[in-house]
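Asks: here is a sequence with its predicted model. Questions after.
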Amino acid sequence: MKKFKKLLAILLALLMVLSLAACSGGDDEQTDEPGGEQTDDENGGDTSEPKYKIGYTFPDGATAGLAGDAAAALKLAAEALNIEILFGASQDLSAEGTITTVENFIAAGCDAVICCNFSESSMVQISKLCDDAGVYFAQFYRTLSDEDVIATVEASDYYVGRVHEDEYGTAYALAEAMIDAGCQNLAMLSSVHGDNTYETRASGYRDACAEHGVNIIIEEWDQTTDTVTNTTTNILAAYPEVDGFLLINCSFAPYVLAAMENTGTILPMCGVDFDTTLLEMIENETITAIAGGHHNDPLFALLLVYNALEGAFDSSEYPIDVLNNMITISSVEEYEDYATYFANGLNDPENGQAYNKEEIQQMTITYNPDFTVQDILDAASSISIADVMERHAAE
Amino acid sequence: MSKSKRVLHALMPFLALVLAYVIFKIIEPARFGSPSGLFLLLQQAMIQSLLACGLYFILTMGVFDLTVGAVAMISAILGTMAGNAIGWAGMIPVSIVTALAMSMISSQLMIRLKAPPMIISVGLVLIYEALSTKLIQGKYSLPIDDEFRILGQAPWVLIPGIVLILVSMVLISRSKFGLYIHAIGSNTEIAKNTGINVTKYQTLAWLFCGLCAAIYGIVNTCYTSSVAYAQNMASATSVFKPMMACMFATAFRKYLNPMISVLIGCFFLNLVSNGLLCMGLESSLQNVVVGLAMIVIVRFSNKSRKYDVSK
């Protein structure tokens, strides 16, 4: 019996180790680092020591779509700039989780950190941690809205800036597309309350509807992929006047569609963030309007902190506010171009992404003496599928 | 207890249902409680009952196993992959074998390791969720082929639930297996001393729960058209409603077959959620009411068990 217990204990330990290894992304080049994080040590054949170690709070492509594409862009940047990227151990959406990840990065000797804070309050503690450690930091996918948080974070000498999208304008435009499609009574579905990005998108939807005299009959928050099918089904049964769905996050789209199919009521819907079933949704015309593809936020944030480390900026320029363009796709052809030239980094790192190595290098003071912060601002604000194709399609 | 009191107790789950219906119907007469709306709620309840039937056997043994949701998820992911490749003949066996294998691992770790099962189940959930992330890597969720969607739609969505509830009813109240599970739940040591092979019956309970989780995973995936990975214990949340239904069933088990109460419990929780949604309450506030309902049910359950006698 004792032997059996020992065997079970070993088996459990082995399972845990294997699962952790499985989640590390599986790249041969990755090695363990202090602080429980993972490192990407690819340097494109450059045998010299990485110049900087930069922490990135998302895991290495363990999750799908946006995170996977962003990780591919960062790996290419690591090769181009001879830096080392430390990836977060897991995509913990809590404030504590993000703070712990940043603490681990600092303990692991990172020179800078780029973070996505799902809770705005966590930025106060992150700011303090980075100040104390003398580590530059920047946000991606998120901005600041709370005045107290803004005052604290922007007072930091190490807060380089943030990269985000016009979430409000994007949601506003999507709601207008729904109104153009004839919707008059909409239902809104979202995940958690309190996330600045989701709240801003909701404001965009609400304002567009209010200004066009369209009703949002019901808002349901805190949805998950587990609950959203039932919630949609119940909305369709209880609110027969609902004639369209506004999704804060488009990863719900397949589940909302399933509920509509189950009840035999197919209605228009729109949302932000490209889901991995985007092609099917466009082919079947089940989505009225969608925006997303903003996976270069982490790359721009990385370039901000890298250039800060290289002394490219005057600290009076902080915080640098980078507004990244959302991508819209409305046809199968556009999707194919997007999939080939824009979001194909996992299969074709050099030519399947918005920026290749040389272009990344040109957005740094190290390789381009004429570089200014305006180069990053212009790149982010002008990015589109056509722009990327123009630069890469001929290669 | 007099016969009339026993009948009254047996009717209480139904009365609770009727009371909830009447209250919401008075508050929201136009939106709440249409026959078609109730039928949709019944479909949702029937799907949750699939998981609750299996979970009841585990909970009756006094074990809170949070892995059941993750077992359902992983078996559904592998079943969907097999199903999309070779059809029903791939989906059903792969789902069931996966769930049984995972349940076997869970059961042996929880039975044989002298550590609280809750802690082992938390560890296993983290491992299983990490595995799910790896399996779906590159996608937010795994869509199922259209041919399978029929099982998620009425009337077919009701069939697995009806069959499993009938089987579970027989198992829990008309078999040696059900009797022993109750005995183990009442007092494991006494059950062991009376000659019951506790390990064997505990393992069988987990395997039955695994079978239920597999069927739940298949039907739920057909209902939602996709299966998603989970992180940060998210898979455990799918167990909460079935778990509450099991507690509901425990409260009335002396008077009514627990599997009927499980179905009523699932229906009751969906009815309350739907009523609150009709009133325009957000999900977070709905959870407050559902949470309060759970506390009341648990309280009632304890009161009922005070007078239980294990024979």
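Replies: Ah, there it is.

Asks: which parts of stretch B:13-33 are buried?
Replies: B:13, B:16-17, B:20-21, B:24, B:28, B:31-33 (16 or more other C-beta atoms under 10 Å in any protein chain shown). All C-beta spots, glycine's among them, are computed from the backbone N, C-alpha and C.

Asks: cool, and stretch A:374-392?
Replies: Buried, per 16+ other C-beta under 10 Å, within stretch A:374-392: A:375-377, A:379-380, A:383-385, A:388, A:392.

Asks: quick one, what contacts the residue of the stretch 151-300 of chain B found nearest chain A?
Replies: Nearest residue of the stretch 151-300 of chain B to chain A (C-beta to the nearest C-beta) works out as residue B:225 at 3.7 Å. Contacts for residue B:225 were tallied using C-beta atoms under 8 Å, 6 or more residues apart in numbering or on different chains; they are A:254-255, A:257-258, A:261, B:143-144, B:149, B:152.

Asks: next step: these restricted to helices.
Replies: When DSSP state H defines the helices, the subset of the contacts of residue B:225 inside them is A:254-255, A:257-258, A:261.

Asks: just to revisit the earlier point, now render the contacts of residue B:225 as CSV, adding distance to residue A:274, pLDDT and neighbour count.
Replies: Shown next, in CSV, are the contacts of residue B:225 (distance: C-beta to C-beta, whole Å; pLDDT from 0 to 100; neighbours: other C-beta atoms under 10 Å in any protein chain shown):
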residue, distance to residue A:274, pLDDT, neighbour count
A:254, 13, 92, 26
A:255, 16, 94, 27
A:257, 15, 94, 25
A:258, 19, 94, 25
A:261, 21, 93, 16
B:143, 15, 90, 19
B:144, 20, 93, 27
B:149, 23, 94, 18
B:152, 25, 94, 23
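
Asks: what's the closest of the residues you listed to residue B:39?
Replies: For the contacts of residue B:225, the minimum distance to residue B:39 (C-beta to C-beta) is 14.5 Å, reached by residue B:152.

Asks: pLDDT weak spots in chain B?
Replies: Low-confidence segments of chain B (pLDDT under 70): B:1, B:138, B:294, B:297-311.

Asks: please, which helix or strand holds the residue nearest to the spatial centre of it?
Replies: Closest residue to the average C-alpha location of chain B: residue B:52 at 1.9 Å, with C-alpha atoms, centre = their mean. Assigned by DSSP states H and E, residue B:52 belongs to helix B:35-60.

Asks: relative to helix B:35-60, how tilted is the helix or strand just after that helix?
Replies: Sequence order places helix B:67-86 as the next helix or strand after helix B:35-60, per DSSP H and E. Between helix B:67-86 and helix B:35-60, the angle comes out at 120 degrees (axes from the mean of the first three to the mean of the last three C-alpha atoms, to 10 degrees).

Asks: now helix B:67-86: buried residues?
Replies: Result for helix B:67-86 [16+ other C-beta under 10 Å]: buried residues B:67-84.

Asks: any part of that helix near chain A?
Replies: No. On the criterion C-beta under 8 Å from any C-beta of the partner chain, helix B:67-86 is out of touch with chain A, staying 8.6 Å away.

Asks: elements contacting that helix?
Replies: helix B:35-60, helix B:88-112, helix B:117-135, strand B:141-143, helix B:198-224, strand B:226-228, helix B:234-237 (3 or more C-beta pairs under 8 Å, 6 or more residues apart in numbering or on different chains; DSSP states H and E).

Asks: centre of the chain to that helix, how far?
Replies: Relative to the centre of its chain, helix B:67-86 is centred 17 Å away, using C-alpha atoms, centre = their mean, to the nearest Å.

Asks: turn the buried residues of stretch A:374-392 into a markdown table, columns for secondary structure, pLDDT and distance to chain B.
Replies: Conversion of the buried residues of stretch A:374-392 to a markdown table gives the following (DSSP: H, G, I helix; E, B strand; the rest coil; pLDDT from 0 to 100; distance: C-beta to the nearest C-beta, whole Å):
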| residue | secondary structure | pLDDT | distance to chain B |
| --- | --- | --- | --- |
| A:375 | helix | 93 | 32 |
| A:376 | helix | 94 | 29 |
| A:377 | helix | 95 | 30 |
| A:379 | helix | 94 | 27 |
| A:380 | helix | 94 | 25 |
| A:383 | coil | 91 | 23 |
| A:384 | coil | 90 | 23 |
| A:385 | helix | 90 | 21 |
| A:388 | helix | 91 | 21 |
| A:392 | helix | 86 | 22 |
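
Asks: low-confidence ranges in the stretch 51-200 of chain A?
Replies: A:61-64, A:91.

Asks: could you pull out the strands for it?
Replies: A:53-56, A:84-87, A:112-115, A:136-140, A:159-165, A:185-189 (DSSP state E, counting those that start in this stretch).

Asks: and the first one, what does it pack against?
Replies: What it means is strand A:53-56. So strand A:53-56, by 3+ C-beta pairs under 8 Å, 6+ apart, packs with strand A:84-87, helix A:95-107, strand A:112-115, helix A:297-309.

Asks: now with 7 Å, please.
Replies: Applying 3 or more C-beta pairs under 7 Å, 6 or more residues apart in numbering or on different chains; DSSP states H and E, one finds that strand A:53-56 makes contact with strand A:84-87, strand A:112-115, helix A:297-309.

Asks: now swap in the fifth one and tell me
Replies: Other helices and strands packing on strand A:159-165, by 3+ C-beta pairs under 7 Å, 6+ apart, are strand A:136-140, helix A:297-309, strand A:320-324.

Asks: what sits up against the first one?
Replies: Right, strand A:136-140. Contact with strand A:136-140 is made by A:112-117, A:126, A:130, A:158-163, A:297-298, A:301, A:304-305, A:308-309, as judged by C-beta atoms under 7 Å, 6 or more residues apart in numbering or on different chains.

Asks: distance from that strand to the middle of the chain?
Replies: 13 Å.

Asks: and the angle for that strand with strand A:320-324?
Replies: 30 degrees.

Asks: right, I'll call it a day here.
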